[in-house]
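any chance you could fold what I've pasted below:
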Amino acid sequence: MDKLKVMVFLPAYNEEESIGHVIRRIPRDFHESVDVKVLVIDDGSSDRTVKVSKKAGADYIVSFTKNQGLGAAVRAGLRECFERGADIGVMIDADGEYPADCIPNLLRPIFQGEADYTMGSRFLGTIKGMKLHRRLGNYCFTFLQSLLLRKWIYDGQSGMRAFTRPALQHAEIIHDYNYAQVLTLNLVRKGFRVKEVPIPYHVRSTGTSFITFRGYLSRVFPAIWKEWFRQVEKVDFQHNAYTLESEKFEFNENTHKNKLSIVK
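Residues are numbered from 1 along each chain as shown. Predicted structure coming up:
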């Protein structure tokens, strides 16, 4: 059978110190029926992000001429994955906070036909080292999403997510500053099944985040309001189109090769 094409994309803005390490940790051969490619969305970086990405093995690089914001970069990543023929798109931050070697775990619910859209959850995994103000902000915005969707979500701000091809096609991000809340509201309201997967959290050791509390108050709240009250239609699509038949996936956490063992 033809291999499933998985494209991992990394939105990046001045991440020369960390992006190479993240790219090298992305599992490429965890299953014989899956082909993995890496795409970097360079959001107008002024450092060596592009050069380091190429050296680390990125297959594709799309560069903005100037910085447009994380929401715009993620929107471009979703679009590029779809247009380049990906069956599944995976987003992961370039700063090293999210474990690239856990990507097989993130994909497992999709391969097993349980989800169309998955999120790596730090609060179901480990959040040691997360600053208190970030933790409280996450709790508040995640609780708001849960109330609106009437579905319990543990980590609504996760920067590690996976999307089936229909989710790539129909996902909408209505502002450039950020994407986290509006993207989940958009996809779940359109009928996409979401599932969270526990992941460990690694505190950023290089660079600084541009996301601020003031920015959330001034930009994210209005975007949530706008997304929630605008009309969206349910999407008609085949939910289990990307399963790998008769196979159960188990991530072997005791190996550095990041293989998925197959249990018949």
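
so, low pLDDT: which residues of this structure?
1, 128-139, 203-218, 245-264 (pLDDT under 70).

let's see 80
For the chain, the stretches flagged by pLDDT under 80 are 1, 123, 125-146, 202-221, 223, 225, 244-264.

helices of that one, start to end?
19-25, 49-56, 70-83, 103-111, 132-149, 165-170, 180-189, 213-215, 221-229 (DSSP state H).

for Val34, which of those is the nearest?
helix 103-111 (8.0 Å; Cβ to Cβ). Backbone N, C-alpha and C define where each C-beta goes, glycine included.

other residues contacting that closest one?
Outside of helix 103-111, the residues within contact range by Cβ atoms under 8 Å, 6 or more residues apart in numbering are 6, 8, 26-27, 30-31, 88, 90, 92, 115-116, 118, 120, 160-162, 164, 195, 197-199, 242-244, 247, 249, 251, 258, 260.

name the residues of it that are buried.
103-111 (16 or more other Cβ atoms under 10 Å).

Pro222: which of the residues you listed is nearest?
Leu106 (30.0 Å).

got a markdown table for the helices of the chain, with distance to Asp43 too?
As requested, the helices of the chain are exported to a markdown table (distance: least, Cβ to Cβ, whole Å):
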| stretch | distance to Asp43 |
| --- | --- |
| helix 19-25 | 12 |
| helix 49-56 | 9 |
| helix 70-83 | 4 |
| helix 103-111 | 21 |
| helix 132-149 | 21 |
| helix 165-170 | 19 |
| helix 180-189 | 16 |
| helix 213-215 | 15 |
| helix 221-229 | 18 |
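
out of those, the one nearest Phe237 is which?
It's helix 165-170; of the helices of the chain, that one is closest to Phe237 (Cβ to Cβ) at 4.0 Å.

may I see the buried residues of that closest one?
165-168, 170.

what residues are up against Ala223?
Contacts of Ala223 (Cβ under 8 Å, 6+ apart): 174-175, 177-178, 181-182.

go on, His202?
96-99, 129.

can you check Cys102 too?
Cys102 touches 120, 160, 197, 199-200, 251, counting by Cβ under 8 Å, 6+ apart.

which pair of those residues spans the longest distance?
Met160 and Phe251 (14.4 Å).

which one of these two is surrounded by more residues?
Met160 (24 against 21; other Cβ atoms under 10 Å).

find the residue closest to that one in space, skipping its chain neighbours.
Gly120 (3.5 Å; Cβ to Cβ, 6 or more residues apart in numbering).

I'd guessed that neighbour sits against Ile199; true?
Yes: the criterion here is Cβ atoms under 8 Å, and Gly120 meets it with Ile199 at 3.9 Å.
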